[in-house]
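Visitor: Sharing a model prediction with you, sequence too.
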Protein chains: 2
Amino acid sequence: MEFKVNSKILEKTLSKIIPAVPARTPMPILENFLFELKSGLLVIHATDLEISLKSSINVAADENLSLVVPARLIYDVIRSMEDVQINFSVDGNNKLKLTTENGVYNISFSPSEDFPESPAVSKSKEITISGKDLKKAIDQTSFAMSKEDMRPAMTGTLLEFNADGLKFVTTDGHRLVRLVYKNVKTGTDEQYIVPERAISVLSKLLGEADVKIYLGKSHITFFIGDVEFSSRLIAEKYPAYSSVIPLENENILKIKRHDLLSTIKRMMLFSSSNSKQVKFSISKNSVVVSAEDIDLGSNAVENISCEYSGEKMDIGFNTQYVNDILTHVDDEEVLFKLHSPTKACIIEPGKKLEGEDIMLLLMPVRLNT
Amino acid sequence: MEFKVNSKILEKTLSKIIPAVPARTPMPILENFLFELKSGLLVIHATDLEISLKSSINVAADENLSLVVPARLIYDVIRSMEDVQINFSVDGNNKLKLTTENGVYNISFSPSEDFPESPAVSKSKEITISGKDLKKAIDQTSFAMSKEDMRPAMTGTLLEFNADGLKFVTTDGHRLVRLVYKNVKTGTDEQYIVPERAISVLSKLLGEADVKIYLGKSHITFFIGDVEFSSRLIAEKYPAYSSVIPLENENILKIKRHDLLSTIKRMMLFSSSNSKQVKFSISKNSVVVSAEDIDLGSNAVENISCEYSGEKMDIGFNTQYVNDILTHVDDEEVLFKLHSPTKACIIEPGKKLEGEDIMLLLMPVRLNT
């Protein structure tokens, strides 16, 4: 068995597959790539049993073969090479032999029987979305996934298909983000929950090009250029989030995002490390933002100009959450839609974009003064 | 008490002083800056008792005052501000009050009595060196300081003054670096050992401008622009390193640094994690470099062209040490001066620079085959 491949081409492919290799695992076989050579195509797989990645390279080879090689070692070796032609061959000794103009490298391989099978891709339900839109949805929503395993559904991102379009929803119980692409239409009403690790790996694989998504019962698969990325779905029911979204928040605060974010970053230094509380005292033309750390004896007050349509209101938030939300709104102006100091607040960008609708919800905290 | 200062000017000064604030300390007072206002000058100090940093800003203020403020908090607050004028004032409440156009910030301060005194600068012995030369000496030698506390002298950098010029020496017993600036002359023969932490902080403070160095019995002080940086010296005798430097290494191997470094980076992946051994088999026109990890069953061999003046030789090194040394030699070609497989090897850049002399020494390891 022998084939040749350019180091830089192989490096590019391996770099896309290696994110599925687990850093630590009780199953050492998962620390390997599966190399499958068939009909002149080298297919490379990796999986941590939750996600799996697969891609392929054309190589001139007659024989078929599959073997399992240490992923980190082979990736580091290929990456450390200049732009050279590499000849791969297998001798009787269970060694994969790489030969270049100046060097020879032998790497032990294992038989491929024990490598887990990739999940079969069910191609019955297919949708297409631009890589750019998918990446944007992840960038704007993923921060609000819950880090707590108590309610597994909330540790993932909900993809919800219905007549309104495709919705991305994340929540940790304190805040919620919902982004709708109205122009992505599918027939039926369905919900899929994608785990955090898959969302994070997916985000790095996405470019401008279109992505095909296949939806199965237990798995979701993304075809991104020459990469096939599958993830297990979270088999739980997503909380009925719609009922917590208030409809009667008629007091509108309009404020420059950059001004408020800059203030919030300073308030994070002054709010107490326990409560993380920041207070907004909102009146017609200005918001007085304040925070206090009683233990350290420090406090801060800032005044920001705004437009506000309602009655004067004092409302408290978690500084960190306000910071997260403002960081993920992509507009110069931001609207806070308020009802009262104890009811959920809706945050939206000042301008709506054609075909999409983003809404961020934040629960206030009880003011301790 | 009241004074005004621009946020960006203050940020720049604080950023130079904060490296002396310890990250963790059993003495909470050291987590503060000492602010001393005298005769219209705001002097800011920080120290961890080993190193101390001091700088000052002109402020329009009549009164004198000194107080101790939480270093990290005030630095983060100032850094988070736009380019604004800040008014500092002190009220009766032990609060430092910062006022800007839109904000008011109160920070508790402590009295300054408990803040440690800065060491007095003995100005009897002064030398001047360009910041660029001093930075270069640190960049090229600091990697070889010992990380082991068993022999405290070797955990620092030796500054040695004598008739040859100013020498910088570091060693951990396995390798040694000696850089001589022949044009820096001082009267007497003297040795000073500067601790690793001081070397690391110093490196970041240095620019192009000249640096004045004052040498005391227990402390060394550097004046770098408007910053005064003092460090405790290591009060130990430096090992008599000259006796280990061989004079009879007449077999010269001349090789392209980039080629060898590139090979060594791959050998680091194949050498066993215990021995880290790499073997050089040197002949007239080529070096065969090889490594093997018996546990993993992997090995690598590469061939690099060279010029070599001696008899064929097989010699072993620690891959990591060869990598460190090649990374710190600043030339396209590098010379290995060899005697035999068990004697120290001298490494030098291919070209010598006017007025300076750098020598790197590396102990071989016994080949295990």
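Guide: Ah, there it is.
Visitor: from here on, contacts and neighbour counts on C-alpha atoms
Guide: Noted.
Visitor: Give the full set of residues in contact with the closest residue to residue A:182 other than its chain neighbours.
Guide: Leaving aside its sequence neighbours, residue A:182 sits nearest to residue A:165 (C-alpha to C-alpha, 6 or more residues apart in numbering or on different chains; 4.3 Å). For residue A:165, the contact set (C-alpha atoms under 8 Å, 6 or more residues apart in numbering or on different chains) comprises A:180, A:181, A:182, A:183, A:184, A:185, A:186.
Visitor: I'd say the first one and residue A:360 touch.
Guide: No. Judged on C-alpha atoms under 8 Å, residue A:180 makes no contact with residue A:360 at a distance of 11.7 Å.
Visitor: higher neighbour count, these two?
Guide: Ranked by neighbour count (other C-alpha atoms under 10 Å in any protein chain shown), residue A:180 and residue A:360 place residue A:360 first, with 26 against 21.
Visitor: The more buried one belongs to a strand, doesn't it?
Guide: Yes. Judged by DSSP: H, G, I helix; E, B strand; the rest coil, residue A:360 forms part of a strand.
Visitor: How about it: what's its closest non-neighbour residue?
Guide: residue A:177 (4.5 Å).
Visitor: Would you map the helices across the stretch 251-369 of chain A?
Guide: A:257-270, A:319-327 (DSSP state H, counting those that start in this stretch).
Visitor: Buried residues, the first one. List them.
Guide: Within helix A:257-270, the residues that qualify as buried are A:257, A:260, A:261, A:263, A:264, A:265, A:266, A:267, A:268, A:269, A:270, counting by 16 or more other C-alpha atoms under 10 Å in any protein chain shown.
Visitor: Give me the below-cutoff pLDDT ranges for chain A.
Guide: A:369 (pLDDT under 70).
Visitor: What residues does it have near chain B?
Guide: A:73, A:76-77, A:80-81, A:102-108, A:262, A:265-266, A:269, A:296-304 (C-alpha under 8 Å from any C-alpha of the partner chain).
Visitor: returning to that earlier point: the residue nearest to residue A:360 and residue A:167 touch, don't they?
Guide: No. Contact criterion C-alpha under 8 Å: residue A:177 and residue A:167 do not qualify, at 10.0 Å.
Visitor: These two - which one has more neighbours?
Guide: Between residue A:177 and residue A:167, counting by other C-alpha under 10 Å, residue A:177 is the more crowded of the two (25 against 21).
Visitor: three-state assignment of that one?
Guide: Classification of residue A:177 using three-state DSSP returns strand.
Visitor: first vs last residue of stretch A:179-197, how far apart are they?
Guide: In stretch A:179-197, first residue to last residue: 20 Å (C-alpha to C-alpha, to the nearest Å).
Visitor: Need the contact partners of stretch A:204-217.
Guide: Outside stretch A:204-217, the residues within contact range by C-alpha under 8 Å, 6+ apart are A:16, A:121-132, A:134-135, A:220-225.
Visitor: let's see it at 6 Å
Guide: A:122-123, A:125-132, A:220-224 (C-alpha atoms under 6 Å, 6 or more residues apart in numbering or on different chains).
Visitor: now swap in stretch A:129-138 and tell me
Guide: So stretch A:129-138 is contacted by A:203, A:206, A:207, A:208, A:209, A:210, A:211 (C-alpha under 6 Å, 6+ apart).
Visitor: Those in strands, which ones?
Guide: In this view, these that belong to strands under DSSP state E are A:210, A:211.
Visitor: Make a PyMOL selection of the buried ones in the contacts of stretch A:129-138.
Guide: Here is the PyMOL command that selects the buried residues among the contacts of stretch A:129-138 (16+ other C-alpha under 10 Å):
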select buried, chain A and resi 203+206+207+210+211
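Visitor: can you redo the contacts of stretch A:129-138 as a markdown table with distance to residue B:115?
Guide: Below are the contacts of stretch A:129-138 laid out as a markdown table (distance: C-alpha to C-alpha, whole Å):
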| residue | distance to residue B:115 |
| --- | --- |
| A:203 | 50 |
| A:206 | 54 |
| A:207 | 55 |
| A:208 | 58 |
| A:209 | 61 |
| A:210 | 63 |
| A:211 | 62 |
